[in-house]
Every structure is written in C-alpha cells, then in structure tokens.
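**Student:** would you be able to build a 3D model of this:
(one chain, ligands or ions: 2)
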Amino acid sequence: MSDTVVSIEGLGKRYRVRRSQSGDRYQTLRDTLAHAASAPLRWLSGTSSGAAVFDDFWALRDVSFGISRGDVIGIVGRNGAGKSTLLKILSRITEPTTGRVTIDGRVASLLEVGTGFHPELTGRENIFLNAAILGMTRAETTRKFDEIVAFAEVAPFLDTPVKRYSSGMYVRLAFAVAAHLEPDVLVVDEVLAVGDASFQKKSLGKMHEVSRGGRTVLFVSHNMAAVQALCTRAVWLDQGTLAREGPVSEVVNAYLRSGEQPTTALPGQPLRAAPSLDLLRFDLSPNPLTSGGRLNFDLAFRAREATTISELALLIYSPLEVRVAILDLRPFGCPIALAAGDTQSFRGAFKSVPLVDGEYHVGFGLRASGHAADHLRLAVLRVLGPPPSAGIVPYAPEYRGVVEMELEVSPAHG
Ligand SMILES: Nc1ncnc2c1ncn2[C@@H]1O[C@H](COP(=O)(O)OP(=O)(O)O)[C@@H](O)[C@H]1O
Ligand SMILES: [Mg+2]
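**Tutor:** Ligands and ions are numbered 1, 2, ... in the order given. Predicted coordinates:
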C-alpha cells in the first residue's frame, strides 16, 4: 500500500461541552454566571449532585478510510457533521481523542477564513510566514511569490495589513498561498463559498491542476456540482460517523437522496420583488428532482400599489453561475394588471428538466411597471442523475456539461 498517502484509522474526537440544567448543549456566559452564583462550589468543581455539568460530545466517531496519492476527495455532509473537525485533525490543528492519522508528506490547509494569517502583517509578510510554517525555504517562496500574487489578484495591496482586506481578498490570498506551495496534501474547507464566481472557477481549476500534478486534495463543500466536477472520490460524514465512502457520484447521490427537502426558499416575511410587488411564495417540487423529470413551480405575488407585470421568468443557474435556462412565464397572460392589494399566482410545471446531476440555483426575473429586477438565489434545485444503463459506467459529471439528453437506440440493420 505504498500509494496510500493519508491513512485514517478509528478516528474519534470528543468535545466536552458545558451543559446547562435546561438541557441545552450550549450555555451563554450569563447562564454560567447565574449558575455559579446559585451554586458556586458545584460550578467550580465541575461535578454536581443534580444535573450533569459537562456533556461528552463526539464530533467524530470511529472514522476510518485511506486516501491514495493524487486522489481528490470531496467531504460532504450536513452542518455539524464533523467535516471541519476532520480537516483540523488532518492539519494537526487539533488532536484526535481516539485513533490515528498517518500522512506521508507535507500538508497545506485552508480552513475557515481567519486561520493561518496574521491580521497585523501585510499580504507580503503573510505569504512568507505561511510558507515558512509549511516548511518552504525563503528561496522557494521567492520563486513562487509572483505567481501567488498574480493568482490572488492582490498586487496593489501587498503592503497593506491583511486585516484591511475584504473577505474576498483574504480568501484569494490564503488559497493562492496554500495551492502554490506544492504541499503533498492540500486541504480546503468551504472557502470557495466566500469568493466570487470567477475566483471560484479559478480555484477549482487550480485544485484540479494540483491533483493532476500527483498531489492529494481534500475538499469540503456544500456545492455538490463543484464536488462532482473536481473530485474522484467522496466521503460522506453523518453526525460524526462515516456514512459512505467511494466514487464521487455514488456518494453524492446517496447523500442528496438522504436529505429532507426545503420546498420553499422564502424567509419568514415576503420578499420585495420590485418596488410595486412582494413575493409571497416560491415553491419548486419535487426537490430533489430526477433528471428528465417534471418540475412543478408555484409563485405568488402581491401588489403594494397598482402595477402591471409585463415579464416574468424563472432563471436557472449552474453552481458556477452559468445561466442554464430561462423558463419564460409570459404565457400566463402578461401583461397582467393588478390593483393595490391584489395577489397573483403563477402555478404550473415544466414537463421535462433534463439537467445533469448537481445543484442549481433557481430564481426569477421580473419586469413590473417598467422596473426590472432579478432575484437569482431563491432556491437550490437538486437534480439527481437518471439510473445508468445496465452495464455502462456513466461519464464523470465533469465531462457531461449541463444537459442530459435521452437516448433512443435504433434497431440494427443488416
Ligand atoms: N471546539 C468545539 N467545542 C465543542 N463542540 C465543537 C467544537 N468544534 C466543533 N464542535 C461541534 O462538533 C460538531 C462538528 O462540527 P464541525 O466539524 O465544525 O462540523 P461541520 O464542519 O461538518 O459543519 C458540531 O456539532 C460542532 O458544534
Ligand atoms: Mg465546517
């Protein structure tokens, strides 16, 4: 097994969490002080005759798997599943409670925004500091320096303390440093969520390049299309345990199928869709949708004042912000004139939505009383791949674009 670069055996991480008597896992400082005032000795000793004061909480439990050189592993799972904890252990930022991790080589990590960089130091100083932490010599760093700065697009701010950077600049620089310093294992935790679309694309490309160079990448993301595009394998963590590990499409599909589905993306109050209109409802179903299936939609608006809806369309975007489709709703009778207080709903279906498996953002564009507005990220539509034909291994999602077309095989002739 000389090709195994990371081996994880029986990994467990326990946190001790102070518990309040109400049974909440976390407790505010005020609770703690109130508790201390009423029972000072119990608080100090950490034991009690009544309620337990600490809870053992296992963020990871008996997780084992191996990673081969050059693998790109996506780590998926819901919030709190233990993904960041796993990456922190791999990065040696925190110690496991049980089990062990063996890594053959040098690890570079990009964890939450805010780790790794020193806020008072300039961009330039932080590059050298991080490089030194990663064990690079000054000469090596100097050689890579211009490339890092160019990739991060921070040249004008190199001598500015990073605490003055926007979160986007900060992430770009942190990513550029980690990805260019030729680690054997590159660990990236959800940072892509922060960058803009073009940087996301660029950093996905860079991770791909790093892996083609034979290096190993571990990548946590909620963006399933990015995971499918980039990763060869995936690990699904569920409440601290390993739910599944294997080829990326298998694991991602199993994970998506397991989910409870939000049917609507609206927060509690109506969304101001245009100066004259509130959006009351925005439902898509089913979600997840099987590729090629029927997608039902239900939108409702209420006029704040007399207005005319002249255009309305659902807009579907790929995770990399590429517009995939406009579903034009003008046939509902636009232009539609509404009096103040009127509601208008748009309910219907698209008979077939033949998208490649992944997560798409759905929103709408609207023109009312001459005012145009787009609302692009109202819902995430999860699309599951169709079952593969018997005996045929599907192409990896990264090769499949966004449209999944249905095949009809003609009978063979003579
Ligand atoms: N330092 C800590 N102390 C106590 N609990 C923690 C600590 N760090 C993480 N946790 C808990 O461990 C669980 C896993 O967290 P995390 O690894 O951040 O999950 P994920 O990255 O998958 O969202 C969560 O329930 C979280 O609240
Ligand atoms: Mg996390």
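**Student:** against residue 104, how distant is whichever residue of the stretch 1-150 of the chain sits closest to ligand 2?
**Tutor:** Of all residues in the stretch 1-150 of the chain, residue 84 sits closest to ligand 2, at 3.2 Å by Cβ to the ion. Heads up, the C-betas are built off the backbone N, CA and C, glycines and all. Separation of residue 84 from residue 104 (Cβ to Cβ, to the nearest Å): 23 Å.
**Student:** same thing with residue 363?
**Tutor:** For residue 363, the distance to residue 104 (Cβ to Cβ) stands at 45 Å.
**Student:** who has more neighbours, these two?
**Tutor:** residue 363 (18 against 14; other Cβ atoms under 10 Å).
**Student:** and the residue of the stretch 251-400 of the chain that's closest to ligand 1?
**Tutor:** Distances between the stretch 251-400 of the chain and ligand 1 by Cβ to the nearest ligand atom are smallest at residue 255, namely 12.5 Å.
**Student:** for that residue, give me its contacts.
**Tutor:** Residue 255 makes contact with 76-77, 224, 234, 236, 243-244, according to Cβ atoms under 8 Å, 6 or more residues apart in numbering.
**Student:** do the same with residue 293
**Tutor:** Listed by Cβ under 8 Å, 6+ apart, the contact set of residue 293 reads 286, 352-353.
**Student:** just residue 110 next, same as before
**Tutor:** The contact partners of residue 110, by Cβ under 8 Å, 6+ apart, come to 116, 174-175, 178, 186-189, 191.
**Student:** let's go with 6 Å and repeat that
**Tutor:** Contacts for residue 110 were tallied using Cβ atoms under 6 Å, 6 or more residues apart in numbering; they are 174-175, 178, 188, 191.
**Student:** and what of residue 105?
**Tutor:** Contact analysis of residue 105 by Cβ under 6 Å, 6+ apart lists residue 184.
**Student:** and the helix or strand hosting the residue of the stretch 251-400 of the chain closest to ligand 1, what's buried?
**Tutor:** Element membership for residue 255 (DSSP states H and E) is helix 248-257. For helix 248-257, the neighbour count (16 or more other Cβ atoms under 10 Å) marks 248-249, 251-253, 255-256 as buried.
**Student:** hang on, the earlier thing: please report the distance of the residue of the stretch 1-150 of the chain closest to ligand 2 from residue 61.
**Tutor:** 15 Å.
**Student:** residue 314 now?
**Tutor:** For residue 314, the distance to residue 61 - Cβ to Cβ - is 42 Å.
**Student:** now residue 134
**Tutor:** Residue 134 is 30 Å from residue 61, by Cβ to Cβ.
**Student:** where in this structure is pLDDT low?
**Tutor:** 1-2, 19-52, 112-115, 191-197, 259-269, 319-321, 388, 390, 396-398, 414 (pLDDT under 70).
**Student:** and it, which residues reach ligand 1?
**Tutor:** By the rule Cβ under 6 Å from any ligand atom, the part of the chain lying against ligand 1 is 15, 17, 57, 59, 77, 79-85.
**Student:** quick one: contacts for the residue of the stretch 201-350 of the chain found nearest ligand 2?
**Tutor:** Here the stretch 201-350 of the chain gets closest to ligand 2 at one residue, residue 220, 6.3 Å apart by Cβ to the ion. By Cβ under 6 Å, 6+ apart, residue 220 lies in contact with 75, 83, 189-190.
**Student:** show me which of these are buried.
**Tutor:** With burial judged by 16+ other Cβ under 10 Å, the buried subset of the contacts of residue 220 is 75, 83, 189-190.
**Student:** where exactly do the helices run in the stretch 1-150 of the chain?
**Tutor:** Secondary structure of the stretch 1-150 of the chain by DSSP state H, counting those that start in this stretch: the helices cover 29-38, 40-45, 83-90, 123-133, 138-152.
**Student:** pull out the buried residues from the helix or strand following the last one.
**Tutor:** By that I understand helix 138-152. Downstream of helix 138-152, the next assigned helix or strand under DSSP H and E is helix 167-180. Residues of helix 167-180 classed as buried by neighbour count (16+ other Cβ under 10 Å): 169-180.
**Student:** what's the answer for stretch 78-97, then?
**Tutor:** Buried, per 16+ other Cβ under 10 Å, within stretch 78-97: 78, 81-91, 96-97.
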